[in-house]
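Colleague: need coordinates for the below:
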Amino acid sequence: MIYRFVARQCRFKRQNSIAVLNPVLQQNTFSQKRPIESTLEIPQNTYPNPLYSYDKAQLLSLNIKQLKHLVTLPVKSPSEKDRFHMHIIEIFHENLIKDTKLAVLYLDLITDSTVRDTIFEHLRKFYQSDTLRLSLLEYVINPASEKARKLVLGNLHLMLKVPNEPKSAAAIAFSYITKLALTDRVNPESLLLYLNFSKVLYKHTPKDQWQQLYAAVLQTNIRFGNYHHYETVRDYLLQGSALDRFVARTGFLGAKWHHTEESNLPEVHKKKMVHHFLISRLALFTQQAIRQRDITNGNMYLELLVSKFEVLNEPKHLQLVLSVMLSHSMTFKGPQECVSFLRYIIDSNLSVVPNTLLRILTALRLEKFYDEALLLVNYLHTEKLSATERVDLVAEIMKVITGKFSSHPKIAVAYYASLFNDEIDTALDILKDLMLLDLVYGPGAVNRDYSIIERADIHEDLKKSDMTHEVLRDMYAVTLRSLVYEQKTNPVLIKTLYEAYTKFLSIQRKNKTARFASGGRKADDSVIALFLDHLLRENPEARDDMNLVQDKFKFQTAKWIFKNYYGSLDSKQNIKDTYIFGLMITSALLKHQDLAFALRCFKKARDLSLPITFNQVYPLIMYHYSKAEMDKAQQWFTLLMQSGAEAKSVAADRVFDIAKEQKWPNTGTHYRNNVRVKKRLERDEIEKLKVDPLSGVKREYKDDLHAPNTNFCDELEKILHELAVHKKQRALEIIKEAVEEPMG
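Modeller: Purely as a prediction, here's the structure:
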């Protein structure tokens with residue numbers, strides 16, 4: 001038998017045995033009568049170590065914590081471990097194919113490098129004619145070795161080289177990659193699967209297995225010959241359920257609901273993410289966490305981004321990393337961080353790219369530092385912007401204006417007219433057709449010559465900009481905000497505005513040459529959501545709560561808008577947000593007991609391939625619970641768990657209490673505990689920032705910013721002036737070099 005053979009080869013003696021101080025001799029330390037939970041209570045100086053007298057079945061009955069505790073207990077002679085080593089080899093061999101994770105877990109209990117090398121050498125000989133087992137073994141030993149790479153790719157190519165049975169071939173290869181992933185080894189060198197083979201795997205793996213395939217590919221650092229195939233799988237997950245999105249961002253294998261709220265990922269797993277993800281993707285994930293103000297994930301992804309930058313060691317990525325670090329600092333430490341950051345960039349003789357300044361502008365606007373934001377706008381317009389950056393700048397200008405003058409729509413219209421209007425008044429015609437000008441100036445007060453409308457004084461290069469639906473949403477918001485509550489929530493008005501808006505959308509889609517349509521941005525649901533907020537919410541701008549109105553007429557109007565919009569062909573071309581569906585289902589069930597419409601909304605969201613959210617499912621759970629229909633309530637709760645949807649509100653606590661009260665098989669306890677742990681960590685991180693809000697910034701920069709009577713706006717203006725001077729000097733140097741070069 002291979003096990004005995006290898007075990008015999010592993011019997012060797014050392015001249016110096018392991019010292020055991022003050023051993024505690026116990027008889028039958030590890031008898032079968034000892035309760036399993038008491039294993040962890042065995043003292044560290046216990047001798048003899050009961051682990052090494054255990055048979056194979058007893059070893060397999062232990063959990064990870066027990067195993068890791070017992071292997072730390074002392075031995076006097078290496079020979080004491082011989083029987084244990086034999087059992088480990090048997091467990092590894094028997095489970096390598098059927099339970100790879102367990103096989104490697106037990107193998108890794110042997111930490112002595114000499115013993116491991118001896119075992120590996122003899123297992124290699126035994127597996128010489130079994131390339132499947134041999135490849136798994138070599139991958140366990142060192143996934144980056146030439147042996148492992150050659151065997152793994154050879155097996156994959158052989159498995160996928162079956163033209164007549166591509167589905168079976170893909171299934172076998174998928175299973176094999178999963179086994180490699182279950183070894184939990186970090187592969188720093190990517191394995192490139194040739195195009196014709198990766199195509200078979202991509203095309204013939206069912207979509208309901210893409211989550212697992214993506215995770216296994218990331219864990220093993222396998223790359224598809226056609227990167228587009230990989231992107232398709234990734235993007236499919238990013239548009240899927242919360243659990244799908246979590247896997248797309250982490251590559252977590254076998255992810256469950258509670259994993260989505262882990263406060264941190266294992267170090268080994270983070271290393272895999274660093275090796276597999278492109279630096280641009282890590283930057284994107286970091287920015288997403290920052291926008292969501294998720295400080296724990298923001299910190300983790302920023303750590304991964306910096307690690308990736310260090311691994312690549314390519315200066316071209318410096319601006320990207322600095323830009324993300326700036327966003328992190330401004331979001332979690334405060335907008336004033338931008339001054340210290342820009343000072344550091346100038347003193348380091350680095351360039352400040354427009355994209356970085358746009359990030360600063362967005363952060364300032366979100367924190368309501370409108371005066372500082374306008375300072376930055378005045379500087380940014382002088383920069384050489386790409387088409388996308390220009391659209392972003394103009395959109396930010398409108399957001400700053402509608403934020404700073406939130407109840408003064410005439411000011412917003414003045415800037416809107418200056419930024420977007422042309423010789424034939426295209427932009428103002430849009431506002432007129434949408435009836436917004438009548439609401440701002442009064443019915444019939446504005447003629448088509450628009451002489452009554454003032455124009456804002458803006459830079460010439462910002463005029464005749466392309467418009468976006470995002471800008472229109474801001475114009476609707478500032479206009480409705482200026483009206484009294486009874487008027488802006490009037491169902492007749494909202495329906496009239498909706499009809500004008502959908503008519504406008506229809507015309508715009510037919511008129512492909514219109515300047516509005518060339519902005520490169522799709523229409524979205526944001527204007528529709530704004531209408532529904534004004535019909536259904538007590539406070540149309542308070543999205544943090546679910547305080548909804550009971551008004552039947554308003555609800556019926558909202559239903560009509562929902563059915564009309566999502567029943568039209570046009571709406572299918574737009575970007576869809578899950579928010580509207582949660583709002584409509586909540587209003588339908590918790591205010592109007594309209595189960596049929598709620599289910600229709602839920603089905604429509606699935607038809608549009610939108611992910612399940614807590615606000616879609618919570619009302620259904622509570623509706624059936626209130627009617628004592630516990631089986632149906634439990635079914636919806638199970639669906640919530642399977643979707644991985646975020647559930648961290650007070651309403652979520654109520655759902656967990658119901659699950660516990662009803663003694664449902666799954667109560668979400670693990671998820672709930674992880675949420676609590678993560679919240680505590682978030683509070684700890686925030687407290688750290690309060691102690692030293694500018695940690696990591698050079699002391700002289702901190703002193704400059706926080707000196708007595710220092711004004712943030714003044715400091716920012718000073719920095720921007722220095723940037724302008726620096727840019728001008730650099731331009732003169734380039735001209736001088738160009739002139740002197742022919743002379744040389």
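Colleague: what helix or strand is Gln487 on?
Modeller: Here Gln487 sits within helix 485-488, counting by DSSP states H and E.
Colleague: average model confidence for that helix?
Modeller: Averaging pLDDT along helix 485-488 gives 96.
Colleague: so what's Ala633 up against?
Modeller: Neighbour list for Ala633: 620-622, 624-625, 658, 662 [criterion: CB atoms under 8 Å, 6 or more residues apart in numbering]. Every residue, glycine included, has its C-beta placed from N, CA and C.
Colleague: nearest to Leu59 among these?
Modeller: Of all the contacts of Ala633, Gln662 has the smallest distance to Leu59: 39.1 Å, by CB to CB.
Colleague: what's the closest non-adjacent residue to that closest one?
Modeller: Residue nearest to Gln662 in three dimensions, not counting chain neighbours: Met630, with 5.8 Å by CB to CB, 6 or more residues apart in numbering.
Colleague: distance of that neighbour relative to Val655?
Modeller: Separation of Met630 from Val655 (CB to CB, to the nearest Å) stands at 13 Å.
Colleague: in the helix holding Gln487, what's buried?
Modeller: Lys488 (16 or more other CB atoms under 10 Å).
Colleague: helices and strands around the longest helix along the chain, which ones?
Modeller: Ranked by residue count and defined by DSSP state H, the top helix of the chain is helix 712-743. Applying 3 or more CB pairs under 8 Å, 6 or more residues apart in numbering; DSSP states H and E, one finds that helix 712-743 contacts helix 337-347, helix 370-380, helix 699-705.
Colleague: and the ones you listed as CSV, adding mean pLDDT and distance to Lys432?
Modeller: Below are those laid out as CSV (pLDDT from 0 to 100; distance: least, CB to CB, whole Å):
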stretch, mean pLDDT, distance to Lys432
helix 337-347, 87, 39
helix 370-380, 93, 27
helix 699-705, 45, 47
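Colleague: let me have the ones you listed in TSV, extended by mean neighbour count and distance to Ile719.
Modeller: Formatted as TSV, the helices and strands packed on helix 712-743 follow (neighbours: other CB atoms under 10 Å; distance: least, CB to CB, whole Å):
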stretch	mean neighbour count	distance to Ile719
helix 337-347	20	5
helix 370-380	20	10
helix 699-705	13	10
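Colleague: tell me how many other residues surround Leu583.
Modeller: 24 (other CB atoms under 10 Å).
Colleague: that one touches Leu536, doesn't it?
Modeller: Yes. Using CB atoms under 8 Å, Leu583 is in contact with Leu536, at 6.2 Å.
Colleague: what distance separates the start and the end of stretch 380-392?
Modeller: End-to-end distance of stretch 380-392 (CA to CA, to the nearest Å): 11 Å.
Colleague: chain center to it: distance?
Modeller: 27 Å (CA atoms, centre = their mean, to the nearest Å).
Colleague: lowest average confidence, helix or strand, in this structure?
Modeller: strand 24-25 (a mean of 39; mean pLDDT, DSSP states H and E).
Colleague: give me the neighbour count for Phe597.
Modeller: 18.
Colleague: what's the closest non-adjacent residue to it?
Modeller: Per CB to CB, 6+ apart, closest to Phe597 is Ala588, 4.8 Å.
Colleague: keeping just the C-alphas, turn the helix or strand that that neighbour is a member of into CSV.
Modeller: Using DSSP H and E, Ala588 maps to helix 579-590. Provided in CSV are the C-alpha atoms of helix 579-590 (Å, rounded to 0.1, in the frame of the first residue of the first chain):
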residue,chain,number,x,y,z
TYR,A,579,-35.2,51.6,-6.2
ILE,A,580,-38.5,52.2,-7.9
PHE,A,581,-39.6,48.5,-7.5
GLY,A,582,-38.9,48.5,-3.8
LEU,A,583,-40.9,51.8,-3.4
MET,A,584,-43.9,50.5,-5.3
ILE,A,585,-44.0,47.1,-3.6
THR,A,586,-43.7,48.7,-0.2
SER,A,587,-46.5,51.2,-0.9
ALA,A,588,-48.7,48.6,-2.5
LEU,A,589,-48.5,46.2,0.5
LEU,A,590,-47.8,48.2,3.6
